[in-house]
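K.L.:
sharing a sequence plus its predicted fold:
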Amino acid sequence: MTALDPDITRQLAEDLPAEVFATVLRTFETDLARLAAQMREAAGSGDLEGYRRGAHGLAGAAGAIGARRLESLARQAMQPAGGPDPAILLPQLGDAAGAALAELAALVASL
């Protein structure tokens, strides 16, 4: 199973000029780093609302690029009280993000 939905990334690659597609992928990488840091900081300070806000942004960004596993994990973090413990979920998010970024890097390199 790949970290990115090939149908979505293929559609983006077909619909966008190569330089725009590369920009979208780089923007996702930047947003991913920012949102993941926001979630970690919020979880560390007990700010559940901030944690959920970061997860909401991450779910949207991941969904738009086709990172389905990452999107699914972020949606779990958006759940009201009773959702997965951030100490368990954040490492899973990190793994899914790493896999998505590796595939994105390969895509950008192939342009």
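P.N.:
Arrived safely, thanks for sending.
K.L.:
biggest helix in this protein, by residue count?
P.N.:
If you go by DSSP state H, the chain has its longest helix at helix 18-44.
K.L.:
pull out the buried residues from the next helix or strand after it.
P.N.:
Once the chain leaves helix 18-44, the next helix or strand it forms, by DSSP states H and E, is helix 48-65. By neighbour count with 16 or more other Cβ atoms under 10 Å, helix 48-65 contains the buried residues Tyr51, Arg52, Arg53, Gly54, Ala55, Gly57, Leu58, Ala59, Ala61, Ala62, Gly63, Ile65. Using the backbone N, CA and C atoms, a C-beta is placed for each residue, glycine as well.
K.L.:
switch those over to CSV; also include distance to Ala18.
P.N.:
What follows is the buried residues of helix 48-65, written out as CSV (distance: Cβ to Cβ, whole Å):
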residue, distance to Ala18
Tyr51, 36
Arg52, 36
Arg53, 33
Gly54, 31
Ala55, 31
Gly57, 26
Leu58, 26
Ala59, 27
Ala61, 21
Ala62, 22
Gly63, 23
Ile65, 16
